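A.B. asks: I'd like to go over a predicted model; first the sequence, then the structure.
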Amino acid sequence: MANRFDKTKEVKVDYTRFVVPFGPVHPALKEPISLKVTIRKEEILNVDIRLGHVHRGIEALAENRNLVQTLYLVERICGICSHSHTTCFIQALEEIGEIIPSERALYLRTLIFELERMHSHLFLLGIMAYEVGFDTLFMFAWHVRETVLDLFEEITGNRIHHSMNAIGGVRWDLPPNLAEKVNDSLKKIEKSVKYIQEVFQDKTVEKRLCGVGVLSFNEAHELCVVGPTARGSGVNMDIRRDRPYAAYDELKENFSVVLRDSADAYARTEVRTFELLESINLIRTILDKLPNGPISKEESILKLMKKIPEGETVSTVEAPRGELLYFVKTNGKEGLWRLKVRTPTIPNVLGLKPMLIGSEIADIPVTVASIDPCMACANRITVVDQDKGEKKVVNCENLRRRGKKQ
Amino acid sequence: MDVAKRSRIKSPWLFHLNTGSCAGCDIEVVAALTPRYDVERLGCVLVGSPRHADVLLVTGPVTRQMLPRVIRVYEQIPEPKTVVAIGSCATSGSPFIGSQMIEGPPDKIIPVDVYVGGCPPRPEAIVKGIVTAAKSKFG
């Protein structure tokens, strides 16, 4: 075996290769992520992904706070899937404390969950259209999204961070007149979603997205990619069906898992457009089936918090971007020993490397957008994926230093 | 009034910098640019480079990794410039205050002119913040 540190070995410098730093502050990215892309002419040879620009130390902070404070902290992990985070955390607490929320509370949780999925998917479809260069559709998708946000505001009082969950139930009820309003808005949204779907089947969009950022079934399986990214590559997985939580157990027959085999950016976009329609159907069913009863426990949240004993559990939900996993270990004194969050973007962002290698520079924004990365979620830990053979990595800092020397 | 001064009030160009926020404020900034709130009718455009911008919109509590980038982006914006801090994190650092990874809030690092509170603030509030900043600094 050749010695890696053998100094006599001649190193050939290939001047046709360039390393292009992409990010963390880049107009095509709404959130900071840093990619170091090695290129030869237009072809991408290698990609290094660096995260950690949004690392806020939330897991460490959670260990110093009590359970209710942590509930509001985990909500602020991500602004787009905030309800997924709180639901996952609350489920874990309820499992440890053996608190069973009422049926109505579970249905309301599911309702907000599906509304959030719609808001997140519309958000992505807009961004996707923007990256393709179709600004009109971007504006249109975001206009539709405002209708969903209006519903959030009517039901929970907030547009982004809903604060809907509480230990043992939810905080806001859905009066019948509001349910009617949701139904009316759904009609409008469905019409617009069908229109967006039609536009995405346009030849121009198809040509831009088909065959871009291909992640084969095997690679997707090996990298444990989750959510719409996995379903776009033909991996049949959905936590809503595989490991039902909240009211999904009773709603199993009312939605189907959308699968595509072509494994490119177009497939991932298509999965999301069809999931939007599934969500609309699901919300209609929830409104029909909504059982009567209380929405929360009679005891106050503080009393319930004191009752939660020492214990540990794992809880999963299907966030808009894929499987979200929480490991919670309580200390029995209103606090936490350990909180571990594994968000869907962590496995998905690793899928970027096989997607980008072999494609062109111009495909980077489309490919990055197609996995719908949520950097705010991913950056509680640092992932450094470095190819050891690649020693000529030049980042912004190094470039600046070199510039000063010359 | 000279032309440069007038055009700066008529069309302040924005640069949006995420310094570690949860994306809540970021999507509200973008929502302010889309049809419902449409800050573009006031002549505001989101630009891709800080060298073209007049107004810097800062979201997030400034994480350790983003600290040198915040300073660099601020230095790249040509004078006269103004900074709007958007969201509770950018105004006071809450709820991440006490974390070892947080170097902010941003006003510790760069001069902030207008604070827009809320978690996240509504797009109307962001529009008001931009207008206030542009009026007080360029007016």
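C.D. replies: Structure's in. What do you need?
A.B. asks: contact residues of chain B facing chain A?
C.D. replies: Residues of chain B lying close to chain A (CB under 8 Å from any CB of the partner chain) are B:16-18, B:20-28, B:30-31, B:34-36, B:47-49, B:60-61, B:63-66, B:69, B:73, B:95-96, B:98-102, B:119-120, B:122. For every residue, glycine as well, the C-beta is placed using N, CA and C.
A.B. asks: any idea which helix is longest in chain A?
C.D. replies: Determined from DSSP state H, the single longest helix within chain A is helix A:103-132.
A.B. asks: what's the following helix or strand after that one?
C.D. replies: helix A:135-156 (DSSP states H and E).
A.B. asks: how distant is that following helix from the center of its chain?
C.D. replies: 18 Å (CA atoms, centre = their mean, to the nearest Å).
A.B. asks: same question, stretch B:132-139
C.D. replies: 13 Å.
A.B. asks: and the strands in the chain, which stretches?
C.D. replies: Went with chain A since none was named. For chain A, the strands defined by DSSP state E occupy A:17-22, A:34-40, A:43-50, A:165-166, A:169-170, A:310-319, A:322-331, A:336-342, A:384-385.
A.B. asks: wait, chain B
C.D. replies: B:13-18, B:45-46, B:55-59, B:82-86, B:114-116.
A.B. asks: among those strands, which is the most enclosed?
C.D. replies: Among those, strand B:55-59 has the highest mean neighbour count (mean count of other CB atoms under 10 Å in any protein chain shown), at a mean of 27.
A.B. asks: that one pairs with which strands?
C.D. replies: strand B:13-18 (parallel), strand B:82-86 (parallel) (DSSP bridges).
A.B. asks: residues in contact with the shortest one?
C.D. replies: With CB atoms under 8 Å, 6 or more residues apart in numbering or on different chains as the contact definition, strand B:82-86 has outside contacts at B:12, B:25, B:28-29, B:54-59, B:74, B:91, B:105-107, B:110-116, B:120-121, B:126, B:129-130, B:133-134, B:136-138.
A.B. asks: ok, back up a step: would you list the strands of chain B in JSON lines and tack on mean pLDDT and distance to A:Val225?
C.D. replies: Listed next are the strands of chain B as JSON lines, based on pLDDT from 0 to 100; distance: least, CB to CB, whole Å:
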{"stretch": "strand B:13-18", "mean pLDDT": "89", "distance to A:Val225": "25"}
{"stretch": "strand B:45-46", "mean pLDDT": "86", "distance to A:Val225": "31"}
{"stretch": "strand B:55-59", "mean pLDDT": "92", "distance to A:Val225": "29"}
{"stretch": "strand B:82-86", "mean pLDDT": "94", "distance to A:Val225": "33"}
{"stretch": "strand B:114-116", "mean pLDDT": "94", "distance to A:Val225": "37"}
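A.B. asks: what sits against the nearest residue to A:Val212 once chain neighbours are set aside?
C.D. replies: Leaving aside its sequence neighbours, A:Val212 sits nearest to A:Ala265 (CB to CB, 6 or more residues apart in numbering or on different chains; 4.6 Å). Going by CB under 8 Å, 6+ apart, A:Ala265 touches A:Met128, A:Leu209, A:Cys210, A:Val212, A:Gly213, A:Val366, A:Thr367, A:Ser370.
A.B. asks: what is the least confident helix or strand in the chain?
C.D. replies: Using chain A here. strand A:384-385 (a mean of 33; mean pLDDT, DSSP states H and E).
A.B. asks: now do chain B
C.D. replies: helix B:3-10 (a mean of 81).
A.B. asks: for it, enumerate the helices and strands it packs against.
C.D. replies: Contact partners of helix B:3-10 among helices and strands, from 3 or more CB pairs under 8 Å, 6 or more residues apart in numbering or on different chains; DSSP states H and E: helix B:123-138.
A.B. asks: ok now the helix it packs on, how far from the chain's centre?
C.D. replies: That offset, for helix B:123-138, works out to 10 Å (CA atoms, centre = their mean).
A.B. asks: what of stretch A:353-363?
C.D. replies: For stretch A:353-363, the distance to the chain centre is 21 Å (CA atoms, centre = their mean).
A.B. asks: which parts of it are buried?
C.D. replies: A:Lys353, A:Pro354, A:Met355, A:Leu356, A:Ser359, A:Asp363 (16 or more other CB atoms under 10 Å in any protein chain shown).
A.B. asks: columns distance to A:Arg50 on top of the strands paired with strand B:55-59, output as TSV?
C.D. replies: Conversion of the strands paired with strand B:55-59 to TSV gives the following (distance: least, CB to CB, whole Å):
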stretch	distance to A:Arg50
strand B:13-18	16
strand B:82-86	26
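A.B. asks: nearest to A:Gln201, of the ones you listed?
C.D. replies: A:Gln201 lies closest, by CB to CB, to one member of the strands paired with strand B:55-59: strand B:13-18, at 32.0 Å.
A.B. asks: can you list contacts of the closest one?
C.D. replies: Against strand B:13-18 from outside (CB under 8 Å, 6+ apart): A:25, A:30-32, A:54, B:26, B:29, B:44-47, B:49-50, B:52-60, B:69-70, B:73, B:77, B:130.
A.B. asks: just want the angle from it to helix B:123-138.
C.D. replies: Put simply, strand B:13-18 runs at 120 degrees to helix B:123-138, going by axes from the mean of the first three to the mean of the last three CA atoms, to 10 degrees.
A.B. asks: where does chain B dip in pLDDT?
C.D. replies: B:1 (pLDDT under 70).
A.B. asks: please save the CA atoms from the least confident helix or strand of chain B in CSV.
C.D. replies: Written as CSV, here are the backbone C-alpha positions of helix B:3-10 (Å, rounded to 0.1, in the frame of the first residue of the first chain):
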residue,chain,number,x,y,z
VAL,B,3,-30.5,63.4,-8.8
ALA,B,4,-28.6,60.8,-6.8
LYS,B,5,-30.2,61.8,-3.5
ARG,B,6,-33.7,61.8,-5.1
SER,B,7,-33.3,58.5,-6.7
ARG,B,8,-32.1,56.9,-3.5
ILE,B,9,-35.4,57.8,-1.8
LYS,B,10,-37.4,56.9,-4.9
